[in-house]
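> Sharing a model that was predicted from the sequence below.
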Amino acid sequence: MDKAEEICVLDQRVRLLQAAGGFCTSLDSVMLAAACPVKTGEHVLDLGCGVGSAGLCVLKRVEGAQLTGVDLQADHIELARRNAALNDMAERCSFMCADVRGYDGGPFDHIICNPPYNEAGAHTRSPSEAKALAMGHAEASLQDWLDAGCKLLKHGGTLSIIHKAEMLDKILQGFKTRFGAVEVIPLWPRIGVPAKRVIIRAVRNSKKPLTLHAGLTLHQDNGDYTEEAENVLRGMGAIG
């Protein structure tokens, strides 16, 4: 494993170790965590959990929630366990090394996932093996991630995904007839600029129609975060 470096999120309330030179915790993890509608006593699966960033942010926001994290990379799982201990959350979560296509736990109340943004084989491989896997050079396809999300959820459970906006159509098609009450939440870089990221939240076996939300604008014209985005980043607000 590369040397670990520490960062803080949620207004310094969550400390995270990550491998220097590996795939880094990003704004996406915090936004994904804020979109999960978990309540006290419910169990969340972080599918492709990395070092535990999104899942631990969920636990910090909701007291009494439980977390399971699954990732293909053993180095990530080691850091996720260390991060859970670092934040005094080890008793509320467990992490295991597994492929999303073969994991057979659950069922869970909620699943959060940040599938690789690039399909396997579609882009030049990153020099960093860990970064390459995180960005999409593992063998699991986007459809594999969606299928796993359906299989591992309880009836009526929610799947929350963050992905590139251009992949929205493919994700909606991948849901097939297994999900309803779909909510699409664009993340606008600033007013008047096309969304680069989108959050999709869906309920297993629901028949309710899709809702397109106004979305969240991240930055003001001067580059500062908007008040709404700042609230999310500080852990004081949820998305949707």
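Here it is on my side, so go on.
> Quick one: mean pLDDT over stretch 64-84.
For stretch 64-84, mean pLDDT rounds to 97.
> can you tell me the distance between the two ends of it?
In stretch 64-84, first residue to last residue: 15 Å (Cα to Cα, to the nearest Å).
> For I239, give me its contacts.
Residues near I239 by Cβ atoms under 8 Å, 6 or more residues apart in numbering: 31, 34-35, 185, 199, 216, 232. To be clear about C-beta, it is placed using only N, CA and C from the backbone, and glycine gets the same treatment.
> Out of those residues, the closest to L56 would be?
Ranked by distance to L56 (Cβ to Cβ), the contacts of I239 are led by A34 at 12.9 Å.
> I'd say that closest one and V232 touch.
Yes: with contacts counted by Cβ atoms under 8 Å, A34 reaches V232, the gap being 4.8 Å.
> Quick one: name whatever helix or strand follows the lengthiest helix in the chain.
Longest helix in the chain by number of residues (criterion: DSSP state H): helix 74-86. For helix 74-86, the succeeding helix or strand toward the C-terminus, using DSSP states H and E, is strand 93-97.
> Tabulate the CA atom coordinates of the helix or strand just after that next one in PDB.
For strand 93-97, the succeeding helix or strand toward the C-terminus, using DSSP H and E, is strand 108-113. What follows is strand 108-113, C-alpha atoms only, in PDB (Å, rounded to 0.1, in the frame of the first residue of the first chain):
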ATOM      1  CA  PHE A 108     -30.300  -4.000   3.100                       C
ATOM      2  CA  ASP A 109     -32.600  -1.000   3.700                       C
ATOM      3  CA  HIS A 110     -30.500   1.300   1.500                       C
ATOM      4  CA  ILE A 111     -27.600   1.000  -0.900                       C
ATOM      5  CA  ILE A 112     -25.300   3.800  -2.000                       C
ATOM      6  CA  CYS A 113     -22.800   3.400  -4.800                       C
END
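> if I look at L212, how far off is A195?
Using Cβ to Cβ, to the nearest Å, we find L212 at a distance of 12 Å from A195.
> How about C97?
Counting by Cβ to Cβ, the gap between C97 and A195 amounts to 33 Å.
> Tell me which of these two has more neighbours.
Just comparing C97 and A195: by other Cβ atoms under 10 Å the higher neighbour count belongs to A195, 20 against 16.
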